[in-house]
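Asker: What follows is a protein structure lacking sequence information:
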């Protein structure tokens, strides 16, 4: 029984329906219940056969119109049929049968105009409401001019019962309708707020995604550009040699990585996919020592061309950690490139084992960072240099956190900065 009631509640008042339609269904349900109550009151007050007939017609009409509107989905037609039959025919007949304005039907005229406002809109609503007000006013004048045409109550007590009954019914219908309306409205507003918040989160995520994608792709593009220039200069000056082939191999490797980054980003945008690690990508054992050496070898010639020296020291055995190769490559690349940009002459990278992972330290001999800025240097959009976008170090911190590590910065007493990265690796569930 409860399941059946929930099914009909969803069918009549579910959020798949327009708010106006749900209000119309509330009106029909209220009309059905109200006409049944009116029939009972009429019977108890000896209202006569005509009163019972009108209430029966209204209750049957409410049910028929409810099923018609649900099956045909022609709501505008349903609204007009309801206004014509219920508000302009049945209500006036009730008015005449209950001694005109001496009874309680006047409150239902007010109810009729209010529901017309909820069903119609625009010029159609204005025209129909004016027609209703004029018609109801003329009915009152007619009752005044021809009181003998009205069906009088048998006693003053019957009149009082009719007035109280109509007053209570009209107000109950109005209160129930408004309560349900505001409940539906508030629910709809909450859903809209949730949708708006979700949309803003998606927009923010998309902005960060494209910013990270741009930063990721800048790394291999820079390598391709610089090494293509190296190769071109070597060919012009000395012709192709072993170094030219090595440079071209580096270009090929970075071009492949660029294609992989673009492919991964496309997959992320086009589909939601299951992940094997905390950050949504498969974790594999990575030799940080080999990765550091490779990146240092790539960037060393770049630094030398602008008069700076990059050196790397691998202290003892550096353990493998579980992680994402592309992300860790980007992290080390970003901190090295940042150090090269801000150094005066030298950049030194040190990689060493810790008790539970790896520590990477990158030192440069450039300018120090203002203490206030030093505390915020890893925040999104905060840059330590003019013209910077504040993305690189923020991405580094995000990657470090994904690999159960952290990143910090401090100034050197002799000038320059030290960036320290600790990595424990992605936790693999067994």
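Answerer: In hand now; what should we look at? Computed from a predicted structure; not experimentally measured.
Asker: my read is residue 104 is in a strand, agree?
Answerer: No. Looking at residue 104 with DSSP: H, G, I helix; E, B strand; the rest coil, it is coil, so not inside a strand.
Asker: Find the residue closest to residue 298 in space, skipping its chain neighbours.
Answerer: residue 223 (5.9 Å; CB to CB, 6 or more residues apart in numbering). For every residue, glycine as well, the C-beta is placed using N, CA and C.
Asker: Please report the number of neighbouring residues for the one you found.
Answerer: Each residue near residue 223 was counted by other CB atoms under 10 Å, and the total is 22.
Asker: From the rest of the structure, what touches stretch 86-98?
Answerer: With CB atoms under 8 Å, 6 or more residues apart in numbering as the test, stretch 86-98 has contacts from 31, 47-48, 50-51, 54, 57-58, 61, 101, 103-106, 108-109, 112, 115-116, 132, 135-136, 139, 143, 149-151, 153, 162, 166.
Asker: Report the helix or strand with the lowest average pLDDT across the chain.
Answerer: Within the chain, no helix or strand scores below helix 242-270, which has a mean of 64 by mean pLDDT, DSSP states H and E.
Asker: Now do the buried residues in the helix or strand encompassing residue 26.
Answerer: For residue 26, the host element (DSSP states H and E) is helix 19-44. For helix 19-44, the neighbour count (16 or more other CB atoms under 10 Å) marks 21-35, 37-39, 41-42 as buried.
Asker: elements contacting that helix?
Answerer: helix 2-13, helix 49-72, helix 75-82, helix 106-119, helix 156-238 (3 or more CB pairs under 8 Å, 6 or more residues apart in numbering; DSSP states H and E).
Asker: Which residue ranges of the stretch 301-430 of the chain form strands?
Answerer: Counting by DSSP state E, counting those that start in this stretch, one finds strands in the stretch 301-430 of the chain at the ranges 309-315, 320-323, 346-353, 358-364, 406-411, 417-423.
Asker: Nearest to residue 373, out of those strands?
Answerer: Residue 373 lies closest to strand 406-411 among the strands of the stretch 301-430 of the chain, at 9.7 Å (CB to CB).
Asker: quick one, that closest one and strand 417-423 angle?
Answerer: 170 degrees (axes from the mean of the first three to the mean of the last three CA atoms, to 10 degrees).
Asker: which other residues reach strand 406-411?
Answerer: Contacting residues not belonging to strand 406-411 are listed as 335, 368-369, 371, 374, 377-378, 393, 396-397, 400, 417-422 [CB under 8 Å, 6+ apart].
Asker: Could you check the angle it makes with strand 358-364?
Answerer: Using the same axes, to 10 degrees, strand 406-411 lies at 30 degrees relative to strand 358-364.
Asker: Do you know the pLDDT at residue 272?
Answerer: Here the pLDDT value assigned to residue 272 is 37.
Asker: swap that for residue 359, sorry
Answerer: Residue 359 is assigned 94 on the pLDDT scale.
Asker: Isn't it up against residue 420?
Answerer: Yes. Using CB atoms under 8 Å, residue 359 is in contact with residue 420, at 6.7 Å.
Asker: Skip the chain neighbours and tell me the closest residue to residue 378.
Answerer: Residue 378 sits nearest to residue 397 (CB to CB, 6+ apart), 4.2 Å away.
Asker: and if you look at residue 176?
Answerer: Nearest residue to residue 176 in three dimensions, chain neighbours excluded: residue 30, at 6.2 Å (CB to CB, 6+ apart).
Asker: Then residue 104?
Answerer: Closest to residue 104 by CB to CB, 6+ apart is residue 166, at 2.9 Å.
Asker: which residues touch the one you found?
Answerer: Residue 166 neighbours (CB under 8 Å, 6+ apart): 38, 98, 103-105, 107-108.
Asker: wait, which of the residues you listed is closest to residue 74?
Answerer: residue 108 (25.8 Å).
Asker: Hmm, residue 168 and the closest one touching each other?
Answerer: No. The criterion here is CB under 8 Å, and residue 108 misses it with residue 168 at 12.0 Å.
Asker: Of the two, which one has the most company?
Answerer: A direct count of neighbours by other CB under 10 Å for residue 108 and residue 168 places residue 108 higher, at 22 against 14.
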